[in-house]
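1. just need the structure, nothing else, for what follows:
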Amino acid sequence: MNPIGRLFIKGHVALYRATGGRRGGSIRGMKVILLTTTGAKTGQARTVPVVPFVDGDDTYVMASMGGAPQHPAWFVNLQKTPDVIVQREGDEYAARAVILPEGPERDRVWSRIVAAMPNFGEYQTKTSRVIPVVKLERKAN
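-> The predicted model follows:
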């Protein structure tokens, strides 16, 4: 990512954290959460705003990167270290990232995601990779 993009994300994350998501809580009209992963190469904490799909008590994130041919860095990170931190507005918690395997469960969730947020269906048409869907399972305190 270019330096301006990194600076924008850093500012967005700081604003979200400082206000408990009251500011910086959406991008282009879609709610966002903060996802903190462990860098696959550096081992350092990396936090990015991502658009979730919330289905009852379940929270999912989609590694779409707008339909780019490669996975976003946060997805590569959680493939190596699936223990993450999630902040949804003022609620911050530890979670385990579970990548849904291709098949009936992922297809069911994906169809619900696309019905609620059609832009994700558009992203899928832009890439040959299957966009990963990741369930963020809250860990017990």
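
2. contacts for stretch 39-49, please.
-> Stretch 39-49 is contacted by residues 9, 12-13, 16, 24, 27, 32-38, 72-74, 76-77, 79-81, 85 when judged by C-beta atoms under 8 Å, 6 or more residues apart in numbering. Any C-beta I mention is one placed from the backbone N, CA and C, and that applies to glycine too.

3. which among these end up buried?
-> Using 16 or more other C-beta atoms under 10 Å as the burial test, the contacts of stretch 39-49 include 12-13, 16, 24, 32-38, 72-74, 77, 79, 85 as buried.

4. just these: which are in helices?
-> His12, Val13, Tyr16, Ala73, Trp74, Asn77, Gln79 (DSSP state H).

5. the spatially closest residue to the second one that is not a sequence neighbour: neighbouring residues, count only.
-> Distance criterion C-beta to C-beta, 6 or more residues apart in numbering; nearest residue to Val13, sequence neighbours excluded, is Thr47 at 5.0 Å. With neighbours defined by other C-beta atoms under 10 Å, the count for Thr47 comes to 20.

6. pull the distance from the worst-scoring helix or strand of the chain on mean pLDDT to the chain's centre.
-> When each helix and strand of the chain is scored by mean pLDDT, DSSP states H and E, strand 26-27 comes last, with a mean of 76. Strand 26-27 sits 13 Å away from the centroid of its parent chain (C-alpha atoms, centre = their mean, to the nearest Å).

7. can you check stretch 46-58 too?
-> Distance of stretch 46-58 from the chain centroid (C-alpha atoms, centre = their mean) equals 5 Å.

8. now do the same end-to-end measure for that stretch.
-> 23 Å (C-alpha to C-alpha, to the nearest Å).

9. buried stuff in that stretch?
-> For stretch 46-58, by 16+ other C-beta under 10 Å, it's Arg46, Thr47, Val48, Pro49, Val50, Val51, Pro52, Phe53.
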